[in-house]
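Q: predicted coordinates and the sequence they were generated for:
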Number of protein chains: 2
Amino acid sequence: MTDDLLEEHDMPIPEGYQQLNWLRGFGRQIGPLYEKIDTEGAYVRAFLVEEHHTNGMGNCHGGMLMSFADMAFGHAVSIRLHRYWVTVRLLTDFVSGAKLGEWVEGTGVIVGEEDDFITVQGRIWCGDRTIMSGTGVFKALGERPAK
Amino acid sequence: MTDDLLEEHDMPIPEGYQQLNWLRGFGRQIGPLYEKIDTEGAYVRAFLVEEHHTNGMGNCHGGMLMSFADMAFGHAVSIRLHRYWVTVRLLTDFVSGAKLGEWVEGTGVIVGEEDDFITVQGRIWCGDRTIMSGTGVFKALGERPAK
């Protein structure tokens, strides 16, 4: 049924986005997620709110927004350090809701780096509307293998 | 494929737990979740870490733990007020990891109530090990229909 849902939507994905190729685990389960990288190395991650992301009121579930925040904010660490990382602490403020069918985008900026602990401020939005703001502390682990 | 996964595990569910009957949306997508209610009205929610909850390192994904925190901490509001609610702010501290196949439990306790804003302190654990501690602020909305 998940596979059916993933294939159902035919909204055109905004220009510049590539689907993340997550074939296993939680990333696949809550996907699909998308990413856009600009020439300066800045990135935006995104997803379309589908039925399997919704709460009982038909809006995007808070758990999905937090999961997306973890992936959208933490990715700043992957880009800066090219190392694996774990989340140590995440604070998320729910500013507004995202509705079924809306395109949700998010990114993060590193604001602190002390030993192996990296602090990232992030924001999630739909168009002009901020959905969530937050701060994550991530701990860098070992090097990722070269691609 | 999700349906297959949900039926695959045959670990016996610990005594006293009932599976939550979430047939739609994000709750279904990241499930199954379980709940145990004692005679005093205290509750524990739980899930078994399955493949569709894991990160790239084979442990429970931080997004799944935060989603579960939202559902496990926020449920204190449903029990106290029998009203719908939304999450306003959630702070989660990742204390330890949960491995594939582990039984994860969590609950929350209301520590503040001001107008329609309810503050809940929560904890998530596997056996004797704390996995996550956190604090949620939830806003109560309209009454839930009587069952």
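A: Yep, that arrived. Residues are numbered from 1 along each chain as shown, chains lettered A, B, ... in the order given.
Q: the longest strand that chain A contains - what's its average pLDDT?
A: Longest among the strand segments of chain A by residue count, using DSSP state E, is strand A:129-143. Averaging pLDDT along strand A:129-143 yields 96.
Q: may I see the buried residues of that strand?
A: Within strand A:129-143, the residues scored as buried using 16 or more other Cβ atoms under 10 Å in any protein chain shown are A:131, A:132, A:133, A:134, A:135, A:136, A:137, A:138, A:139, A:140. The way it works is simple: take the backbone N, C-alpha and C, and place the C-beta from them, glycine included.
Q: again with stretch A:30-48
A: In stretch A:30-48, counting by 16+ other Cβ under 10 Å, buried: A:30-36, A:43-48.
Q: how far off centre is that stretch?
A: 8 Å (Cα atoms, centre = their mean, to the nearest Å).
Q: okay, the nearest residue to residue A:53 once chain neighbours are set aside: pLDDT?
A: Leaving aside its chain neighbours, residue A:53 sits nearest to residue A:64 (4.5 Å; criterion: Cβ to Cβ, 6 or more residues apart in numbering or on different chains). Looking at residue A:64, its pLDDT stands at 97.
Q: please apply the same query to residue A:50.
A: Confidence score, pLDDT, at residue A:50: 96.
Q: residue A:7 now?
A: 47.
Q: next, give phi and psi for the closest residue to residue A:60 other than its chain neighbours.
A: Of all residues not flanking residue A:60 in the chain, residue A:98 sits nearest, at 4.0 Å (Cβ to Cβ, 6+ apart). Residue A:98 adopts backbone torsions of phi -120, psi 130, taken as degrees, to the nearest 10.
Q: how close does residue A:98 sit to chain B?
A: To chain B, residue A:98 is 12 Å away according to Cβ to the nearest Cβ, to the nearest Å.
Q: next: residue A:35.
A: Applying Cβ to the nearest Cβ to residue A:35 and chain B gives a distance of 16 Å.
Q: part of a helix, is that residue?
A: No - using DSSP: H, G, I helix; E, B strand; the rest coil, the secondary structure at residue A:35 is strand, not a helix.
Q: next, give phi and psi for the closest residue to residue A:29 other than its chain neighbours.
A: Leaving out its chain neighbours, the residue that sits closest to residue A:29 by Cβ to Cβ, 6+ apart is residue B:52, at 4.3 Å. In terms of degrees, to the nearest 10, the main-chain angles of residue B:52 are phi -80, psi 10.
Q: what about residue A:63, which SS state?
A: Assignment for residue A:63 (three-state DSSP): helix.
Q: again but with residue A:14, I slipped
A: coil.
Q: the closest residue to it other than its chain neighbours: what's it in contact with?
A: Closest residue to residue A:14 in three dimensions, ignoring its sequence neighbours and counting by Cβ to Cβ, 6+ apart: residue A:103, at 6.6 Å. Contact analysis of residue A:103 by Cβ atoms under 8 Å, 6 or more residues apart in numbering or on different chains lists A:11, A:14, A:46, A:47, A:48, A:49, A:126, A:127.
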